[in-house]
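> Make a model of this:
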Amino acid sequence: MRTFNHVGIVTTESKEGAVYNEGLGVWLTDYGKSPNRIEFLKFEKGSCLPELVQTNGHIAYTVPCLEKELEGKKVIFGPAVCDEHLTIAFIEEEGIAIEIMELK
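Below you'll find the model as predicted:
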């Protein structure tokens, strides 16, 4: 079962507190510090994330089992291990990007 986690909004402006993720080629804000659970993303040229994510943003959900959640879905990125506590993937549903996150 999916649980809402955050919304990713694409921006071309630098946002205070944004941290650069070199592996993904994107500046990210901490959605945990946002009262509306918004993560702002500013992409660098050459980012490995799909164009759909880079141009339209996304909705993110946590799931208990990423592998099970991806079965039969249109996977457009990942799975990618971000650290020992987080693995993510992006799927396409209803014409938008959906981030699926497994937290350990």
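
> Could you measure from the residue lying farthest from the centre of the chain over to Thr11?
When distances are taken from the C-alpha mean of the chain, Gly72 lies farthest, 19.6 Å away, according to C-alpha atoms, centre = their mean. Relative to Thr11, Gly72 is positioned 33 Å away (C-beta to C-beta, to the nearest Å). (C-beta placed from N, C-alpha, C; glycine too.)

> I'd assumed Thr11 was in contact with Thr55.
No. Using C-beta atoms under 8 Å, Thr55 makes no contact with Thr11, being 11.8 Å away.

> so Thr65 touches Glu102, yeah?
Thr isn't right for residue 65; it's Cys. Yes. Between Cys65 and Glu102 there is a contact under C-beta under 8 Å: 6.8 Å.

> Which one's more surrounded, the two?
Neighbours were counted for Cys65 and for Glu102 using other C-beta atoms under 10 Å; Glu102 has more, 20 against 9.

> pretty sure that one belongs to a strand, no?
Yes. Residue state for Glu102 (DSSP: H, G, I helix; E, B strand; the rest coil) corresponds to a strand.
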